[in-house]
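*Asks:* okay, predicted coordinates and the sequence, questions at the end:
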Amino acid sequence: MRQFETLLARYECAKKTRPPAQPRFGSVCERLFGTTNTQYPALGVSPRTAFTEALAISGQRGQRCVMDDEEFRL
């Protein structure tokens, strides 16, 4: 667990947890996932093609890129 929290801190991410025995605590997120899965049409192309097309339209976002280097692997 400590390694995961260290990884989150290194990449400046916040960890959010659901309180135990409170299944409705995450109901807003669960509803969003359900709506996304049922209401939006499929991509119609492979995920790689969709990713490439999105990059062509909006460009890369360097601040969100995590380098797959030795530090990340450790």
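*Replies:* It's in. Numbers count the residues shown, from 1 in each chain.

*Asks:* gap between stretch 17-32 and the chain center?
*Replies:* Relative to its chain's centre, stretch 17-32 lies at 17 Å (CA atoms, centre = their mean, to the nearest Å).

*Asks:* now do stretch 39-52
*Replies:* That offset, for stretch 39-52, works out to 16 Å (CA atoms, centre = their mean).

*Asks:* now swap in stretch 41-55 and tell me
*Replies:* From the chain centre to the centre of stretch 41-55 is a distance of 16 Å (CA atoms, centre = their mean).

*Asks:* sec struct for the residue lying farthest from the centre of the chain, please.
*Replies:* The C-alpha centroid of the chain is most remote from Ala21, which lies 24.7 Å away (CA atoms, centre = their mean). Put simply, Ala21 is coil when judged by DSSP: H, G, I helix; E, B strand; the rest coil.

*Asks:* when you give positions from now on, start the count at 20
*Replies:* Let's use 20 as the start, then, which means that last one is Ala40.

*Asks:* got phi/psi on it?
*Replies:* Main-chain dihedrals, Ala40, degrees, to the nearest 10: phi 60, psi 30.

*Asks:* kindly report the same for the one 10 residues further on.
*Replies:* Geometry field for Arg50 lists phi and psi as phi -60, psi -40, criterion degrees, to the nearest 10.

*Asks:* helix or strand with the lowest mean pLDDT in the protein?
*Replies:* When each helix and strand of the chain is scored by mean pLDDT, DSSP states H and E, helix 46-58 comes last, with a mean of 78.

*Asks:* quick one on the thing from earlier: list the contacts of the residue farthest from the centre of the chain.
*Replies:* Listed by CB atoms under 8 Å, 6 or more residues apart in numbering, the contact set of Ala40 is empty. In this view, the C-beta of every residue, glycine as well, is placed from N, C-alpha and C.

*Asks:* which residue is the nearest non-sequential neighbour of Val64?
*Replies:* Excluding the flanking residues, the one nearest Val64 by CB to CB, 6 or more residues apart in numbering is Glu72, at 7.6 Å.

*Asks:* return the distance of the host helix or strand of that neighbour from the chain's centre.
*Replies:* Using DSSP states H and E, Glu72 falls within helix 66-77. Distance of helix 66-77 from its chain centroid, counting by CA atoms, centre = their mean, is 17 Å.
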